[in-house]
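In: Let me see the structure of the following:
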Amino acid sequence: MKGSPPAPQLASDVQRSLAIFSGVENRYLEGWNRFAQVLQQAATVGQQSAIRLRNPTNSGVVVVFEKLSIHNQNAAAVQGHNFQIGPITTDYGTAAAPTLASLDARQTSNSILIITKTGAGASVNVGFSLATTMLPVSGNYDVILEDDQEVTLLPGWALQPISSNVNEILTVACMWRERPLEDSEKF
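Out: Now for the predicted structure:
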């Protein structure tokens with residue numbers, strides 16, 4: 001090697017680092033905004049109930065679901081559900097009540113997600129099913145049990161819990177975080 005070394009004092013100029021996650025209180029400092037909401041679609045005679053959580057195509061935001069759970073409030077003994085995910089650009093006709101709860105008082109933005117319900121309209125399948133369940137009366141089911149099961153929702157995609165049977169109440173609790181996509185992540 002000719003000349004002087006490119007980094008004469010290696011430790012002070014170039015060094016290794018290992019980021020260690022230390023808790024959800026630091027998510028805001030990392031650029032994440034966190035939200036939660038319980039959503040419900042009333043039973044509609046002759047129709048499946050569905051709730052669509054859609055990340056708009058031009059949002060420039062990545063959404064990561066940390067918690068998805070479903071509860072059977074129906075009088076029937078067993079209730080089936082699918083959690084579907086896939087690309088879609090349309091919404092249902094009924095907007096969900098705007099009661100999005102921010103999980104960090106330091107954040108000022110609202111969620112980018114567009115949340116709609118089937119209402120009186122027919123449900124439409126989205127992409128593929130990532131989870132299915134059969135719940136007894138008053139039963140709960142958690143889709144996400146650990147960090148590696150978190151679900152990423154990129155722009156132009158939607159997550160949709162949908163009932164397997166017609167005329168059933170659909171109750172879903174979800175928690176998610178959002179941040180702007182970095183230039184290297186945009187496609």
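
In: From here on, just use CA atoms for contacts and neighbour counts.
Out: OK.

In: so where is this structure shaky, pLDDT-wise?
Out: Filtered on pLDDT under 70, the chain yields the residue ranges 1-13, 76-77, 97-100, 187.

In: who's in contact with Pro155?
Out: By C-alpha atoms under 8 Å, 6 or more residues apart in numbering, Pro155 lies in contact with 55-62.

In: List the ones among those residues that fall in strands.
Out: Counting by DSSP state E, those place 61-62 in strands.

In: So which of the contacts of Pro155 wins on neighbours?
Out: Asn55 (26 neighbours; other C-alpha atoms under 10 Å).

In: you'd agree that one is up against Gly156?
Out: Yes - here Asn55 reaches Gly156: they are 5.7 Å apart, a contact under C-alpha atoms under 8 Å.

In: Just give me the residue right at the centre of the chain.
Out: Closest residue to the average C-alpha location of the chain: Phe65 at 3.3 Å, with C-alpha atoms, centre = their mean.

In: is it true that it touches Ala173?
Out: No - counting by C-alpha under 8 Å, Phe65 does not reach Ala173; the two are 10.8 Å apart.

In: which residues of this protein fall in strands?
Out: Going by DSSP E, the chain shows strands at 33-41, 48-54, 61-71, 78-87, 94-95, 101-102, 114-117, 128-136, 140-142, 151-153, 157-166, 170-180.

In: winner for burial among those strands?
Out: The highest mean neighbour count among these, using mean count of other C-alpha atoms under 10 Å, belongs to strand 48-54: a mean of 27.

In: so that one versus strand 78-87, what angle?
Out: Here strand 48-54 runs at an angle of 30 degrees relative to strand 78-87 (axes from the mean of the first three to the mean of the last three C-alpha atoms, to 10 degrees).

In: Direction included, what does strand 48-54 pair against?
Out: Paired neighbours of strand 48-54 in the sheet (DSSP bridges): strand 114-117 (antiparallel), strand 157-166 (antiparallel).

In: The ones you listed into a markdown table, with extra columns for distance to Glu182?
Out: Output for the strands paired with strand 48-54, formatted as a markdown table (distance: least, C-alpha to C-alpha, whole Å):
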| stretch | distance to Glu182 |
| --- | --- |
| strand 114-117 | 21 |
| strand 157-166 | 18 |
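
In: what's the closest of those strands to Gln48?
Out: When the strands paired with strand 48-54 are ranked by proximity to Gln48, the top entry is strand 157-166, at 4.3 Å, counting by C-alpha to C-alpha.

In: I am finished for the moment; much appreciated.
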